[in-house]
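Quick one, fold the following:
(chains A and B)
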Protein chains: 2
Amino acid sequence: MKSVVITSKDSPISIADFPPPIHGSGEVLISMQASALNHRDVWIGKGMYAKIQYPVIPGSDGSGIVIASQSKHAPVGTRVIINPNINWGENPEIQSSNYSILGMPSQGTMAELISVPADRVHPIPDHLTFEQAAALPLAGLTAYRAVFTKGKIGSGHNVLITGIGGGVALMALQFALASGATVYCTSGKQEKLDKAIALGASGGALYNQEDWSKQLQVLVPSGFDCIIDSAGGSQWNELTGLIKVGGRLVFYGATNGNVPSLSLQRLFWKQITICGSTMGNDAEFEMMLHFCKHHGIIPVIDSIFTLNDAASAFEHMDSGQQFGKIVLHHGQSNS
Amino acid sequence: MKSVVITSKDSPISIADFPPPIHGSGEVLISMQASALNHRDVWIGKGMYAKIQYPVIPGSDGSGIVIASQSKHAPVGTRVIINPNINWGENPEIQSSNYSILGMPSQGTMAELISVPADRVHPIPDHLTFEQAAALPLAGLTAYRAVFTKGKIGSGHNVLITGIGGGVALMALQFALASGATVYCTSGKQEKLDKAIALGASGGALYNQEDWSKQLQVLVPSGFDCIIDSAGGSQWNELTGLIKVGGRLVFYGATNGNVPSLSLQRLFWKQITICGSTMGNDAEFEMMLHFCKHHGIIPVIDSIFTLNDAASAFEHMDSGQQFGKIVLHHGQSNS
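Sure, this is the predicted structure:
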């Protein structure tokens, strides 16, 4: 079958003919219609991820049609989305020690076919196309846990989402807005802030302007109930300064690296909670799907590439210019 | 009345004759029998506290006998302990903007008399002397919130308490042990570790030894469910490395200052929560008293000075040599 393949950290993203997956007992075989990229895929391509095994078919996000199944809840012909969690485990709060994410070491979604345990698939909400559904799993799950389970965001809250444009940040924006929160964003580009405002954000600031945190302080003088961040780095002291007493900083990444000299004094006096968050459990995945259905949420798609053109998609992801998810269309017409 | 007085940041702690407090309507007048020191008092003495007003009678902790009252729940003759919260406010999670702590700007406990609103006093648990009761309020309240509300410590948990010897750290040790947790400690002195072990701790490490965190890793290979810290500083990266997936770091101080280069990567992947905590609400104060009664907890007292010798008590507090609370005895025989 035709697949995107990464053979080493020094090889380009390529398309190769791979043996089709073995359709195991209790599994559903899916004809993949669309997949989507995450930073994780790019990092695996560069050898910058823990416990890498090559060759690998990447991809944690995907949607398709069931073509072989003995499962009643996902019979042949069902349009499905795949839960990328493998072995989350018994404890809803934390992943087990043998947890992994679909697409390394297991085969990922960027292929014509995939076979996964029947409990990994869910019907695609009716309002979503295959491409929109493929954009949802990893970003939606990560955002759902960050916004609701950890951030406890709800109606009337003031929320700040940093670095708007990435998949998780945009899903967090949509989820927080749907829950009734007032949301502000930061970005390095005015164009991205404008797009966020078009989606419902109330305003924001450009983090490369020296007075960005003062601008946000003027916008929300009472302080933010919650900040959702994936950058870390030197801006954390200004971010924590923007949080109101009892507020929360939830982070699911640290693209800007460590925090140089984190100031603690105001953190304890202001009773601030800092929550590390990653992915989410299977129940959260189902709640996320239900939430999207209920609120008619459609993931923001930046661009759609063909499976054949996956290398360009990876390059685009790496450039950081995107606003929304980068999706691969698997349809025959483009193959 | 005889009182401990701080007149400026450059004056020594002194004993002075102060006008007795006005016994307002709805208040109870208390003949103070004992008070206790907190770092807060020392910092106020040095001018190192927010919004200082001099002169001030310091003291957030105290116990005494009601000598004038119209309150049914605290009639004349009742042995009482004082809740040091002033205006916590409506929200149980956070203090209000006009919150303060007894003993600056309001008159504190280090005097012959104090008059406080009737709802600030509670009967002293029968198993405690005046001196033991005076050792409880601020440290007990801070530890209760840190251990239970924020740390969610309970039976079967592995807990690390840093810098054992201070009032809050010791109360946290006693509370965590009473809840069924297994507790380890750090200290700069073996003598303090030995005393903690005598109180029920399972072991610990000397933080001035280079391999202190490795020693703790050997003691608790599965990692700590919760760490209670008030030091901050450069040890935080090692502390967070000792926390298990989904664990918590609760901190109520930062005596070692900011964290140089906080490492974030493992914090989000391990779903770690860092909670700033300070004091506690009025309901927590009552639960703390009930918990002490139920478990027969007696605060650890380092030393008892007379009110006249308050200056020596302040010096001893500042030296950091103590193991437990430093208490002032107000009794006539020592005056």
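
so is residue A:311 in a helix, a strand, or just coil?
Under DSSP: H, G, I helix; E, B strand; the rest coil, the three-state class of residue A:311 is helix.

Can you get me a residue count around the nearest residue to it once chain neighbours are set aside?
Nearest residue to residue A:311, sequence neighbours excluded (CB to CB, 6 or more residues apart in numbering or on different chains): residue A:13, at 4.3 Å. In this view, the C-beta of every residue, glycine as well, is placed from N, C-alpha and C. By the criterion of other CB atoms under 10 Å in any protein chain shown, residue A:13 has 20 neighbours.

Likewise for residue A:206?
Residue A:206 has 15 nearby residues by other CB under 10 Å.

what does the model give it for pLDDT?
With respect to pLDDT, residue A:206 has a value of 98.

Residues of the stretch 151-300 of chain A that sit close to chain B?
Within the stretch 151-300 of chain A, the residues that sit near chain B (CB under 8 Å from any CB of the partner chain) are A:232, A:236, A:245-246, A:251-254, A:257-265, A:267-278.

Mind checking which of the residues you listed are buried?
Neighbour-count burial (16 or more other CB atoms under 10 Å in any protein chain shown) applied to those gives A:232, A:236, A:245-246, A:251-254, A:258-259, A:262-264, A:267-278.

Residue A:86: what's it in contact with?
A:99, A:100, A:101, A:102, A:106 (CB atoms under 8 Å, 6 or more residues apart in numbering or on different chains).

Name the member of those residues with the most neighbours.
residue A:102 (23 neighbours).

Tell me which residues touch the residue nearest to residue A:311, please.
By CB under 8 Å, 6+ apart, the residues touching residue A:13 are A:4, A:5, A:6, A:45, A:310, A:311, A:314.

In helices, which of those appear?
Counting by DSSP state H, the contacts of residue A:13 place A:45, A:310, A:311, A:314 in helices.

packing partners for the host helix or strand of residue A:327?
Here residue A:327, judged by DSSP states H and E, is contained in strand A:325-329. Strand A:325-329 is packed against strand A:27-36, helix A:130-134, strand A:301-306, helix A:310-319, with contacts defined by 3 or more CB pairs under 8 Å, 6 or more residues apart in numbering or on different chains; DSSP states H and E.

how close does the residue positioned nearest the centre of chain A get to residue A:278?
Nearest to the geometric centre of chain A sits residue A:139, at 1.6 Å (CA atoms, centre = their mean). For residue A:139, the distance to residue A:278 (CB to CB, to the nearest Å) stands at 13 Å.

Next one: residue A:121 from residue A:330, what distance?
16 Å.

Residue A:104 now?
19 Å.

Which one's more surrounded, those two?
Legend: neighbour count by other CB under 10 Å for residue A:104 and residue A:330, higher for residue A:330 (27 against 24).

Out of the contacts of residue A:86, which comes closest to residue A:128?
residue A:102 (18.8 Å; CB to CB).

quick one: secondary structure of the residue in the stretch 51-200 of chain A that chain B sits nearest to?
Minimum separation of the stretch 51-200 of chain A from chain B (CB to the nearest CB) falls at residue A:94, amounting to 3.6 Å. What three-state DSSP gives for residue A:94 is coil.

swap in residue A:294?
helix.

For residue A:179, see how far away it is.
For residue A:294 relative to residue A:179 (CB to CB), the value is 11 Å.

who's more crowded, these two?
Counted by other CB under 10 Å, residue A:294 and residue A:179 do not tie: residue A:179 has more neighbours, with 19 against 10.

Without its sequence neighbours, what residue ends up closest to that one?
residue A:154 (5.4 Å).

Could you do residue A:261 as well?
Nearest residue to residue A:261, sequence neighbours excluded (CB to CB, 6+ apart): residue B:258, at 4.8 Å.

residues in contact with the one you found?
The contact partners of residue B:258, by CB under 8 Å, 6+ apart, come to A:261, A:262, A:263, A:264, B:232, B:233.

Closest one to residue B:172 out of those, please.
Nearest to residue B:172 among these is residue B:232, at 16.1 Å by CB to CB.

Let me see the domain layout of chain A.
Chain A breaks down into these domains under automatic domain parsing: A:2-136+A:299-334, A:141-276.

what about the last one, how long is it end to end?
Looking at domain A:141-276, the gap from its leading to its trailing residue is 15 Å under the measure CA to CA, to the nearest Å.

Run the chain-centre distance for that domain.
For domain A:141-276, the separation from the chain centroid amounts to 16 Å (computed by CA atoms, centre = their mean, to the nearest Å).

returning to that earlier point: the residues of the stretch 151-300 of chain A next to chain B in strands, which ones?
Here DSSP state E is the test, and these give A:245, A:246, A:251, A:273, A:274, A:275, A:276 as lying in strands.

what's the pLDDT at the last one?
Same thing as residue A:276. Looking at residue A:276, its pLDDT stands at 98.

For it, give me its contacts.
A:251, A:252, B:264, B:267, B:268, B:269, B:270, B:271, B:272, B:273.

Dump those into TSV; add pLDDT and distance to residue A:71 as well.
Putting these into TSV (pLDDT from 0 to 100; distance: CB to CB, whole Å) gives the following:
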residue	pLDDT	distance to residue A:71
A:251	98	37
A:252	98	32
B:264	96	40
B:267	96	38
B:268	96	34
B:269	94	32
B:270	96	34
B:271	97	31
B:272	98	37
B:273	98	37
